[in-house]
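Enquirer: When you get a sec, could you give me coordinates for this:
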Amino acid sequence: MAVSMTDYTPRPDRFDQAGKDQLIDAHDLEVTQPGMRRLRAWSHAALDLRPGESALDIGSGTGSEVFVFADAVGPTGTAVGVEPDPNLIASAKRRAEEHGSAATFATGDAYGLPFGNGTFDAVLCERVFQHLTAPARAAAEIARVLRPGGRAVVVDSDWKTAIVHPGDPRVVGAVIDTLISSTTNPQSGRRLAGLLSNAGLVVDEVGSHALVQDRSVGAGALVSRIAELAVLRGTITAAERDQLVADLQAGADRGDVHISVTMFGVLAHKPS
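Expert: Okay, here's the model as predicted:
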C-alpha cells in the first residue's frame, strides 16, 4: 500500500515523565506541508531501504512512515513502528489491517526499544528528541538496535532558530523566549549530530530545512498559542499580544510576514 508523504500525524505530547507538557511542535506552523514533504523525501532517500531489510520508526504515531517502509522492504522485509501512546498504536494497527499493510507496531519509547541488539538495518526518529530530557539515552538506543553497517536518520526542530516578523522586537523576543522555555529540549536540532557521534555512530550527512508558514496566514496557531502563554506568564500584556497578532495579520495582508523554524536532519551509520 502506498501512503502519501502528506499523511501527517503529530506525535504525542509527552515522551518521558520528567518532560514538559509539550505546547509546541512544527506541525503548528500552518501550511508547512511542502517543507515536511521535502524532509520526508530526504529521509527516505537517505535511508535507501531495500527489499528484505528491517526498518524501525521511533515515535511512529498512526504509522504513516511505517507503511512506506513496508512497501520498500517488501514481503521478505520487516517494518516496525514504536509508539508510547496506546491510542495511536491502536489507530496504526487498524489502518494496517484496513489497507492490508505488513507494517507492525509495538508499544515502547525512545529510552527502551523492545528489541534486541543489532535488530534493524535502518532507523528513523523524527521530532522525538525535542521532547526528551535525556536525549543521549535515546541516541544510545538507536545505536544499540542498529546492525553493523545499519543507518539512522534523526530529524528534529531547533526552536532557537524561530523567526517571527513583523512585530515589536521586544514582544516578539518575549514570545520566542516563551516558546523556547516551553520545550523540553529546544535546541535538539543542533545537538543531533553530536549525540549520534557520542553514541558510536558515524555521521555521514547533516542537512536542514526551514519550515515556513504560509505567507497568507497571520499569527497562526503556534504564535497565537505561545503569545497567550506569554500573557499568562506576565512577560507581555494582553494589549501587546493583540497588537502582535494585528501586526502579523497586517503583514500577511501586504505580503510582509515571515514565521518559521529550522529543522535539522542527520544521516549516520553504525560502523561494521
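Enquirer: Residue 232: neighbouring residues, count only.
Expert: 11 (other CB atoms under 10 Å). Glycine gets a C-beta too; all of them are placed from N, C-alpha and C.
Enquirer: a helix runs through it, doesn't it?
Expert: Yes. Checked against DSSP: H, G, I helix; E, B strand; the rest coil, residue 232 lies within a helix.
Enquirer: residues touching it, list them.
Expert: Shown in contact with residue 232 (CB atoms under 8 Å, 6 or more residues apart in numbering): no residues.
Enquirer: So for the biggest strand by length in the chain, what gets flagged as buried?
Expert: Criterion DSSP state E: the longest strand present in the chain is strand 146-165. Neighbour-count burial for strand 146-165 flags 146-147, 150-162, 164 (criterion: 16 or more other CB atoms under 10 Å).
Enquirer: Would you tell me what the next helix or strand after that strand is?
Expert: helix 169-181 (DSSP states H and E).
Enquirer: Which strands or helices does the longest strand of the chain pack on?
Expert: helix 33-47, strand 120-126, helix 135-145, helix 169-181, helix 188-198, strand 202-212, strand 258-269 (3 or more CB pairs under 8 Å, 6 or more residues apart in numbering; DSSP states H and E).
Enquirer: where's the residue of the chain most remote from its centre relative to residue 61, distance?
Expert: The centre of the chain is farthest from one residue, residue 239, which by CA atoms, centre = their mean lies 33.0 Å away. Per CB to CB, to the nearest Å, residue 239 is found 39 Å from residue 61.
Enquirer: Same question for residue 81.
Expert: For residue 81, the distance to residue 61 equals 8 Å [CB to CB].
Enquirer: quick one, what contacts the closest residue to residue 125 other than its chain neighbours?
Expert: Leaving aside its chain neighbours, residue 125 sits nearest to residue 58 (4.2 Å; criterion: CB to CB, 6 or more residues apart in numbering). Shown in contact with residue 58 (CB under 8 Å, 6+ apart): 82, 110, 113, 123-125, 128, 138, 142.
Enquirer: Any idea what residue 58 is bridged to?
Expert: residue 82, residue 125 (DSSP bridges).
Enquirer: For the longest strand of the chain, the averaged confidence score.
Expert: The pLDDT scores in strand 146-165 average 96.
Enquirer: Parallel or antiparallel, list what pairs with that strand.
Expert: For strand 146-165, pairing defined by DSSP bridges yields strand 120-126 (parallel), strand 258-269 (antiparallel).
Enquirer: what helices or strands is the lengthiest helix in the chain leaning on?
Expert: When the chain is parsed with DSSP state H, its longest helix is helix 238-254. Judged by 3+ CB pairs under 8 Å, 6+ apart, helix 238-254 is in contact with helix 169-181, helix 220-233.
Enquirer: Pipe those into a markdown table and attach distance to residue 269 per row.
Expert: Listed next are the helices and strands packed on helix 238-254 as a markdown table, based on distance: least, CB to CB, whole Å:
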| stretch | distance to residue 269 |
| --- | --- |
| helix 169-181 | 32 |
| helix 220-233 | 34 |
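Enquirer: Looking at the ones you listed, spot the one closest to residue 193.
Expert: helix 169-181 (20.5 Å; CB to CB).
Enquirer: Show me the shaky parts of the chain.
Expert: 1-33 (pLDDT under 70).
Enquirer: go with 50
Expert: 1-14, 30-31 (pLDDT under 50).
Enquirer: Deepest in the core, which of the helices and strands packed on strand 146-165 is it.
Expert: Comparing the helices and strands packed on strand 146-165 by mean neighbour count (mean count of other CB atoms under 10 Å), strand 120-126 ranks first with a mean of 25.
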